[in-house]
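Novice: Give me a model of this one.
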Amino acid sequence: MQIHFIAIGGSAMHNLALALEHKGYFISGSDDVIFEPSKSRLAEKGLLPDSFGWFPEKIHEGLDAVILGMHAKPDNPELLRAQELGLTIYSYPEFLYEQSKHKTRVVIGGSHGKTSITSMILHVLNYHDIQVDYMVGAQLDGFERMVHLTEENDFIVLEGDEYLSSPIDRRPKFHLYRPNIALLSGIAWDHINVFPTFENYVEQFQIFVDSIVKGGSITYNDEDVEVKKVVEASENAIRKLPYTTPEYSVEDGQTLLETSEGPMPIEVFGKHNLSNLAGAKWICQNMGVDEDDFYEAIATFKGASKRLEKIAEGKSSVAYKDFAHSPSKVSATTRAVKEQYPNRKLIACLELHTYSSFNPEFLKEYQNALDAADEAVVFYLPESVAIKKLAPVSPEQISEAFKREDLRIFTKADAFHKYIFDQEYSNSILLLMSSGNYGGLDLKEVKSKIEI
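Specialist: Numbering: from 1, shown residues only. Coordinates of the predicted model:
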C-alpha cells in the first residue's frame, strides 16, 4: 500500500509511519517543521521529507490513503488536494482501527495513568514473549517503536487518548477504537481548551464506555468516584470488573507489594502507580497471563519514559523528572515521592506549560497539589501565556490558586535555574514536573549537583 502522511513529524504520526514502513508499506510525508527525535528516526528509514512545507503535488491518485495529523490545519493545501481527488483520508485513530478491526482490541483510557498502565501491560507481555500489536504514548525499554502493527497478531493494545482525532474530526481518539477489553483509570478535568466544562469532559468517558463491543468488558478503578459513576450508569451489555489499590508497604526507600507469596520488591512506587499496577494485572489476566507470571514480570518494570523517571542519585540525594502537569497527577506524584522518602526534604518544582494551566478557572484545580512537598516551587514563562493568546497570569493568581503561603514562584528561566543550582541537596529529593523543558534547564548540570 502507498500511504501519505500530512504532518509526519509528530510523536504519534512518525511512529505510525515507521510501523507501516516496517510492515512493508510505501510511505511518503510532509511537515512544516520536524524536531528530534522524530527527525533522526525518519531520516534513518529514508522517510524524512526532502524539504519542509506542504506540497500538493505529493498528493496523487496512486495513493491508497492519506493519514492526517493534528498538527495540520483544516485548510492545509495537501489536505484540500486529497479531498479534491476523493482520496481516502484517515485520522490517526481511524487508521489504527482499520488496521485492527479483525483483532481483539484492548484500550486503556483515563485522564491519568493510561501510558503507565499500557506500558506495564506491554512489559509483562514482552517479558513472557507474547506477541501483540500495540500503540503507546512513551518509548519503552526493549521496544524499538511506540507503534507496532502486523497481520498475524491476535491482540492489539492501544493507549486511549481523549484528545481530538484530527483537524477535521473533532471526536476524541478513544471513541474510534471500539474496544473488546477496556480499562478506565481515572477522570480528572483536562484539555479545557476542547472541553470547557467538567460535565462535557466526563461525557467523553461515558461515550467511551458505551462504545465497548457488546459482550466485552470494562476494568475500572473502583476508588475513583467519577469513574465508578460513569461505569455503573452505563447500560451497555458488558462485564464490569472493578479494581482497587493493592496492599503495599515502604521500607528504607523500597516499595514492597503484598502478594499471596509474601511481600515482593518492585521498582515503581506511589499509591497511583500501585493502582495502575492493579489495573494492568487484571487486563493481563484477561489476555491469558496468570497472576504469578504477572508478578514475576512486573518486578522488573522500571517505568515508562518521562513517568517518574530517576535522572540522578547521590549518597543521600535523588532527582526525579515526571511528565505530571494536570492537578491530580501533580498531587499524586508529589505524595508518592514523599511517601517513598519520608525522612528526606522534598523540593517539588512544577512548570506550568499547558493551555489549561493558564486558565484562571482551571488554575483553582491546583489547590493543595504541592502540599506534600517540604519546599514547593512553580515556574512559568509569561511569554508562553502570550504565545497561547491568553490573558496574562500574575504570580498573585498562582499563589492564590495553590493556597500555599510559602510557595516560591519564578517567571524568568535564569532565576529558576539559579535557584535549582544554588540548592544544597544533602538528604534531599528534587522532583521536576512538567510537559515542557523547564525553560531550557540543563539536566546534565542537575545530575552533577545531585551525584556528589
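
Novice: CA only for contacts and neighbour counts going forward, please
Specialist: Will do.

Novice: Output the below-cut-off pLDDT ranges for the stretch 351-452 of the chain.
Specialist: Counting by pLDDT under 70, the stretch 351-452 of the chain contains low-confidence ranges at 452.

Novice: could you show me where the helices are in it, in order?
Specialist: Remark: helices assigned in the stretch 351-452 of the chain by DSSP state H, counting those that start in this stretch are 360-363, 382-387, 395-402, 413-422, 443-450.

Novice: nearest to residue 196, of these?
Specialist: For residue 196, the closest of the helices of the stretch 351-452 of the chain is helix 360-363, at 9.7 Å, according to CA to CA.

Novice: buried sites along the closest one?
Specialist: Buried residues in helix 360-363, defined by neighbour count with 16 or more other CA atoms under 10 Å: 362, 363.

Novice: I'd like to know which elements it is packed against.
Specialist: On a contact count with 3 or more CA pairs under 8 Å, 6 or more residues apart in numbering; DSSP states H and E, helix 360-363 meets helix 395-402.

Novice: where's residue 113 relative to residue 38, distance?
Specialist: Distance of residue 113 to residue 38, given as CA to CA, to the nearest Å: 24 Å.

Novice: For residue 91, find the nearest of the helices of the stretch 351-452 of the chain.
Specialist: helix 382-387 (26.9 Å).

Novice: Looking at residue 113 and residue 38, which one has more neighbours?
Specialist: Per other CA atoms under 10 Å, whichever of residue 113 and residue 38 has more neighbours is residue 113, with 22 against 18.

Novice: Quick one: residues contacting that one.
Specialist: Applying CA atoms under 8 Å, 6 or more residues apart in numbering to residue 113 gives the contacts 185, 186, 272, 273, 276.

Novice: next one: residue 309
Specialist: By CA under 8 Å, 6+ apart, the neighbours of residue 309 are 303, 320, 321, 322.

Novice: Which pLDDT value belongs to it?
Specialist: Model confidence at residue 309, expressed as pLDDT, equals 88.

Novice: Could you report the separation of it from residue 121?
Specialist: For residue 309, the distance to residue 121 - CA to CA - is 18 Å.

Novice: Quick check: mean pLDDT of the host helix or strand of residue 297?
Specialist: For residue 297, the host element (DSSP states H and E) is helix 291-298. Mean pLDDT, helix 291-298: 95.

Novice: Tell me which other helices or strands that helix touches.
Specialist: Partner elements for helix 291-298 (3+ CA pairs under 8 Å, 6+ apart): helix 114-127, helix 271-286.

Novice: Quick one: closest of those helices to residue 19.
Specialist: Using CA to CA, the nearest of the helices and strands packed on helix 291-298 to residue 19 is helix 114-127, at 16.4 Å.

Novice: Give the buried residues for that closest one.
Specialist: So helix 114-127, judged by 16+ other CA under 10 Å, has buried residues 114-125, 127.

Novice: and what of stretch 165-182?
Specialist: Of all the residues in stretch 165-182, those buried under the rule 16+ other CA under 10 Å are 165-168, 172-182.

Novice: Centre of the chain to it, how far?
Specialist: Offset of stretch 165-182 from its chain centre (CA atoms, centre = their mean, to the nearest Å): 16 Å.

Novice: Also stretch 342-356?
Specialist: Counting by CA atoms, centre = their mean, stretch 342-356 comes out at 18 Å from the chain centroid.

Novice: swap in stretch 270-285?
Specialist: Centroid separation between stretch 270-285 and its chain, computed with CA atoms, centre = their mean, is 16 Å.

Novice: CA-only coordinates of that stretch in PDB, if you can.
Specialist: Written as PDB, here are the backbone C-alpha positions of stretch 270-285 (Å, rounded to 0.1, in the frame of the first residue of the first chain):
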ATOM      1  CA  GLY A 270       3.400   5.600  44.900                       C
ATOM      2  CA  LYS A 271      -0.300   4.800  45.500                       C
ATOM      3  CA  HIS A 272      -1.200   5.900  42.000                       C
ATOM      4  CA  ASN A 273       1.400   3.600  40.400                       C
ATOM      5  CA  LEU A 274       0.200   0.700  42.600                       C
ATOM      6  CA  SER A 275      -3.300   1.400  41.500                       C
ATOM      7  CA  ASN A 276      -2.000   1.400  37.900                       C
ATOM      8  CA  LEU A 277      -0.300  -2.000  38.500                       C
ATOM      9  CA  ALA A 278      -3.600  -3.500  39.800                       C
ATOM     10  CA  GLY A 279      -5.400  -2.400  36.600                       C
ATOM     11  CA  ALA A 280      -2.600  -3.800  34.400                       C
ATOM     12  CA  LYS A 281      -2.700  -7.100  36.300                       C
ATOM     13  CA  TRP A 282      -6.400  -7.600  35.600                       C
ATOM     14  CA  ILE A 283      -6.000  -6.700  31.900                       C
ATOM     15  CA  CYS A 284      -3.100  -9.200  31.600                       C
ATOM     16  CA  GLN A 285      -5.200 -11.800  33.200                       C
END
